[in-house]
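Peer 1: Sequence plus predicted model, see below.
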Amino acid sequence: MTINNADTGEIRRIVQQQYGQRALRVIELTDVTPQFECGSENCGNGNCGNADCAAEAHAHTEAAACCGPADTEHAMALYNEAQLQGLPVEAMAASAGCGNPTALADLRPGETVLDLGSGGGIDCFIAAEQVGESGRVFGLDMTPEMLALANTNRNRMGLSNVEFIEGHLEDIPLPDSTVDVVISNCVICLSPDKDAVFREAYRVLTPGGRLHVSDMLALTAEGPTLVDADSWASCIGGAEYRETYLARMVAAGFTDISTTEDDLKCDENQVSLNVASVKVSAHKPR
C-alpha cells in the first residue's frame, strides 16, 4: 500500500487524537473518583497486595469511571494476575494492546528496555519489576495526554527506574546502542513508515539486543481493505501482510526472526478482518 506525505500526517493526527482522548477519559476518572481505601496503611488504591482488596478497588473505580468495564477487562485478558498486581487501575484502563510482549522478552535484572508506544505505561511498569532497580525502562510515546497519564501512574507507584519520553517511533530520541531490549504492543501497525521504525529500533539496540513485539498483521497479501486514517487508528488499516512486515525487519538488519499467531480474526467475506495478533521476536547480531 502506498502512503503519501499528506496521508502520513493525517494518520498521525488521527492516531494521536484517538489515543489522547482515551488518556483524557482515564485522567478525568482519576481527577473525579475518590481513592479507594481498604483500611491498610500500606494500601494505595487497592495496591496493598491483597487480592480481595484489589478486586474491590477495581470494582469501585469502574463504578465511577467514564470509561467502561471493557477498558480494564481488556488488560486483564492479556496479562496474568501476578503481572497486574500492584498496578494502578488507570494503567490498566489505558491499555490498548493486542498481546503481552513482556511475557516474550525474558527480561533480566539490570537490563535497559525501551517500550515503543508506551501509552499509559502498563508494559513499562511490568518491565520495571522484571529488570529491578539496577535496570532501566524508557517509554516512548507521541501523545502528550498519554505521557501525562503514564507519569502520574509512575509517580503513584514510586518507580525511579522508569522514564517516559516524547517522540516518534520513526525518530527515537535515544543514542545508538542504548537499550538491551525493545518491546512494543500493537503500536508499530499504527505507523505509516514501518521501515523507519525498524531501522530506529535496530539502531538503539545494543549488539546482541532483542526485539519482542505484539502487533496486528494481515493474513493475506491483499491486506485489509480499510486503509483510511480512522481504520489505522483502530489497528486495522496499518496491519501489514506478515511477509512484508518481516521483510522490513530483515532489511533493517534483524536476524533470528520468529512469529506466533494469536487471536485470529478472519472472515472470508470481509478482508478487513483478515488480521491476527502476532508475536514477533528477533535479535540484533553481536
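Peer 2: Cool, the structure landed. Numbering: from 1, shown residues only.
Peer 1: Following element in sequence after the host helix or strand of residue 145, please.
Peer 2: Residue 145 is part of helix 144-157 when elements are defined by DSSP states H and E. The first helix or strand that comes after helix 144-157 along the chain, using DSSP H and E, is strand 162-166.
Peer 1: For the protein, which segments count as helices?
Peer 2: Taking DSSP state H as the criterion, the chain carries its helices at 5-32, 51-64, 69-78, 81-84, 89-93, 101-105, 122-131, 144-157, 194-204, 229-233, 242-252.
Peer 1: out of those helices, nearest to residue 215?
Peer 2: helix 242-252 (7.7 Å; C-beta to C-beta). To be clear about C-beta, it is placed using only N, CA and C from the backbone, and glycine gets the same treatment.
Peer 1: Buried by neighbour count: which residues of that closest one qualify?
Peer 2: Residues 242, 245, 246, 248, 249, 252 are the ones in helix 242-252 that count as buried (16 or more other C-beta atoms under 10 Å).
Peer 1: Residue 84 contacts residue 95, doesn't it?
Peer 2: No - Residue 84 is not in contact with residue 95 according to C-beta atoms under 8 Å; the separation is 9.9 Å.
Peer 1: For stretch 148-157, buried residues please.
Peer 2: Using 16+ other C-beta under 10 Å as the test for burial, stretch 148-157 gives 148, 149, 150, 152, 153, 154, 156, 157.
Peer 1: What distance do you get for the residue nearest to the third one when sequence neighbours are not counted to residue 143?
Peer 2: When you say that, I think you mean residue 150. Leaving out its chain neighbours, the residue that sits closest to residue 150 by C-beta to C-beta, 6 or more residues apart in numbering is residue 121, at 3.8 Å. Distance of residue 121 to residue 143, given as C-beta to C-beta, to the nearest Å: 12 Å.
Peer 1: picking up where we left off before, which of the helices of the chain has the lowest mean pLDDT?
Peer 2: Among the helices of the chain, helix 51-64 carries the lowest mean pLDDT, at a mean of 46.
Peer 1: Just list whatever residues bridge to the spatially most central residue of the chain.
Peer 2: Closest to where the C-alpha atoms of the chain average out (C-alpha atoms, centre = their mean) is residue 185, at 3.6 Å. Counting by DSSP bridges, residue 185 is bridged to residue 214.
Peer 1: Please report the distance of the nearest residue to residue 145 once chain neighbours are set aside from residue 147.
Peer 2: The spatially closest residue to residue 145, leaving aside those adjacent along the chain, is residue 23, at 3.8 Å (C-beta to C-beta, 6+ apart). Residue 23 sits at a distance of 8 Å from residue 147 (criterion: C-beta to C-beta).
Peer 1: And for residue 105?
Peer 2: Computed with C-beta to C-beta, the distance linking residue 105 and residue 147 is 23 Å.
Peer 1: The helices of the chain: which one's closest to residue 259?
Peer 2: Nearest to residue 259, of these and by C-beta to C-beta, is helix 242-252 at 7.0 Å.
Peer 1: on contacts alone, who are the packing partners of that closest one?
Peer 2: Applying 3 or more C-beta pairs under 8 Å, 6 or more residues apart in numbering; DSSP states H and E, one finds that helix 242-252 makes contact with helix 194-204, strand 205-218, strand 255-265, strand 275-283.
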